[in-house]
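J.: Have a look at this fold, sequence not included:
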């Protein structure tokens, strides 16, 4: 009885061929749109929001991690094309980031498998999330608040963060990135891309939320090209990860992908438009708050006494 | 499982002169899962055939029907405090657990048979989950991990027990049914019917049905399995095209 009531409330149900469960199409469209919006505003992939929600909905974790790449590829394609038209992208810097990112992803996939054999993968992932989110979100928040404080004190906020370049920019193998008004060593850039790719593969995320602040604060890339360049890097690394997941784990659900894409592309459009109208410091403040909010969720999960301490993990027989 | 059957065989041999036999029929033997699948329900019909010499039984017949879904191996984990954090500490692996279980009986199980008989014949969710072969670690009913498995699966409605689920239409004909939630996995399901009277098992009969993906679902699943690279590339191209399409549709300038 109750089952048929649910069906009426949630309208269209569709059975997913790979996840092997029925889902509410409307709910997934909404989820795709919401994550697409956030991803469009901030130039991040949104995987770190999408994956946990899909798992909570009952999608098997392997399918959730593998499939969430598809809507991210779609929305970052849209963002990259829009950025290309507005010339708000540094293709040269983007290509260097993609190169480093792919190597990092491969290392991350290998490390992930090693960690799973050793056990306690879940704990490591949660602790890594908390550490990363606290550091990234906290640094951004401090920076933004300091900027706001300085402006209130009468000093003009500088368009470009920090006037003097940090020493690692002057290392050998310097490369010119005219679009970012940057002349810097490729070593820190490749290192950053490597780290983001590695962390992304281990944590099952695109890594945009690390890449965006790192480009802003560590490489001093102008805000205007940060989002486009980050999306360019996310597009290629996520596309490769999506195909690899399909080949290795056969865990990509194309029906789930289509539903999430349909919601996501619309969300990303409105998100990108909203992002364009944001002032640079408001943008950073909101991104810091978003990262810290997700961080808080993980901290609560770790520290609150669980109502049900037991959980079942079914071995993936794929 | 095997020990239970052997025990039953012994009992049956002892009462061979007055044997009852069971005839069981299911409402379907193959159920197609399509894109609109939201679960189903199975009906089980049965008849008790008595041979001519069978003596009249003092008590009425009792029927217990057990439906088992495809086996899976799983791990049950327990979160415990570690300083300020709650983390997964202890865990127990279960090697051969039914993904779906429905136990339907004509009367409350404690009235049908004593605890030893129920444990031996695996009658009831409690007896199935407490079975020694289910997990390598520890045994018996005092195991918190077995309790957790039962509790969590019951909450998901994947394990159900109905002590008034079997209805006799006549003294020798019965029917029962169970809801299969959409989350019950595809695969082979066993239906086992046990006939008892006065706490003594008399006969056992089993049947099976298959839950299979059909049509579009089946094609997609086999495409993803047998042609994984083209499948992955197709998903990627689909994502790229939709992104491009969206940028064309929404283009303002």
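T.: Arrived safely. Source: prediction; values computed, not measured.
J.: contacts and neighbour counts: CA atoms only from here.
T.: Fine.
J.: tell me the mean pLDDT over the longest helix along chain A?
T.: Longest helix in chain A by number of residues, with DSSP state H as the criterion: helix A:121-152. Averaging pLDDT along helix A:121-152 yields 80.
J.: where along chain B do the strands fall?
T.: Here chain B has its strands, by DSSP state E, at B:20-26, B:30-33, B:40-50, B:61-68, B:71-82, B:85-98, B:101-105, B:159-162, B:167-170, B:173-180, B:187-197, B:200-213.
J.: Sorry, wrong one. I was asking about chain A.
T.: Using DSSP E, the strands of chain A run over residues A:13-16, A:21-24, A:174-177, A:182-185, A:310-314.
J.: re earlier: is chain B within reach of the longest helix of chain A?
T.: Yes - for helix A:121-152, a contact with chain B is found by Cα under 8 Å from any Cα of the partner chain, at residue A:123.
J.: tell me which residues in that helix are buried?
T.: A:121, A:125-126, A:129-130, A:132-134, A:136-138, A:140-141, A:143-144, A:147-148 (16 or more other Cα atoms under 10 Å in any protein chain shown).
J.: before we move on, the earlier item: tabulate the strands of chain A (a markdown table), appending mean pLDDT and distance to chain B.
T.: Output for the strands of chain A, formatted as a markdown table (pLDDT from 0 to 100; distance: least, Cα to the nearest Cα, whole Å):
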| stretch | mean pLDDT | distance to chain B |
| --- | --- | --- |
| strand A:13-16 | 84 | 4 |
| strand A:21-24 | 84 | 5 |
| strand A:174-177 | 77 | 27 |
| strand A:182-185 | 76 | 29 |
| strand A:310-314 | 82 | 4 |
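J.: Now mean neighbour count too, for the ones you listed, in JSON lines please.
T.: Listed next are those as JSON lines, based on neighbours: other Cα atoms under 10 Å in any protein chain shown:
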{"stretch": "strand A:13-16", "mean neighbour count": "21"}
{"stretch": "strand A:21-24", "mean neighbour count": "21"}
{"stretch": "strand A:174-177", "mean neighbour count": "14"}
{"stretch": "strand A:182-185", "mean neighbour count": "18"}
{"stretch": "strand A:310-314", "mean neighbour count": "17"}
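J.: Using JSON lines, lay out the ones you listed together with distance to residue B:127.
T.: Below are the strands of chain A laid out as JSON lines (distance: least, Cα to Cα, whole Å):
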{"stretch": "strand A:13-16", "distance to residue B:127": "33"}
{"stretch": "strand A:21-24", "distance to residue B:127": "29"}
{"stretch": "strand A:174-177", "distance to residue B:127": "70"}
{"stretch": "strand A:182-185", "distance to residue B:127": "68"}
{"stretch": "strand A:310-314", "distance to residue B:127": "20"}
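J.: To residue B:209, which of these lies closest?
T.: Minimum separation from residue B:209 across the strands of chain A (Cα to Cα) falls at strand A:21-24, 19.1 Å.
J.: which other helices and strands contact the closest one?
T.: Applying 3 or more Cα pairs under 8 Å, 6 or more residues apart in numbering or on different chains; DSSP states H and E, one finds that strand A:21-24 makes contact with strand A:13-16.
J.: which ones are touching the residue nearest to residue A:34 when sequence neighbours are not counted?
T.: Using Cα to Cα, 6 or more residues apart in numbering or on different chains and skipping residues adjacent in sequence, the residue nearest residue A:34 is residue A:267, 6.1 Å away. By Cα atoms under 8 Å, 6 or more residues apart in numbering or on different chains, the residues touching residue A:267 are A:32-38, A:40.
J.: let's go with 10 Å and repeat that
T.: Residue A:267 makes contacts with A:29-41, A:75, A:261, as judged by Cα atoms under 10 Å, 6 or more residues apart in numbering or on different chains.
J.: Flag the least confident of the residues you listed.
T.: Comparing these by pLDDT, residue A:40 comes last, at 75.
J.: Residue A:247 reaches residue B:229, doesn't it?
T.: Yes - using Cα atoms under 10 Å, residue A:247 is in contact with residue B:229, at 5.3 Å.
J.: For the closest residue to residue B:98 other than its chain neighbours, grab the count of nearby residues.
T.: Nearest residue to residue B:98, sequence neighbours excluded (Cα to Cα, 6+ apart): residue B:71, at 4.4 Å. Residue B:71 is flanked by 16 other residues according to other Cα atoms under 10 Å in any protein chain shown.
J.: who's in contact with residue A:128?
T.: Counting by Cα under 10 Å, 6+ apart, residue A:128 touches A:122, A:134, A:199, A:202-203.
J.: Residue ranges in the chain under the pLDDT threshold?
T.: Answering for chain A, as no chain was given. Within chain A, the ranges that satisfy pLDDT under 70 run A:1-11, A:43, A:113, A:116-122, A:153-165, A:204-206, A:316-318.
J.: you looked at the wrong chain, it should be chain B
T.: Within chain B, the segments meeting pLDDT under 70 span B:1-18, B:52-59, B:136-142, B:252-253.
J.: And stretch A:247-262, end to end?
T.: From its first residue to its last, stretch A:247-262 covers 24 Å (Cα to Cα, to the nearest Å).
J.: That stretch and chain B in contact?
T.: Yes - for stretch A:247-262, a contact with chain B is found by Cα under 10 Å from any Cα of the partner chain, at A:247-255, A:257-258, A:261-262.
J.: how much distance is there from that stretch to the middle of the chain?
T.: Put simply, stretch A:247-262 sits 18 Å off its chain's centre (Cα atoms, centre = their mean, to the nearest Å).
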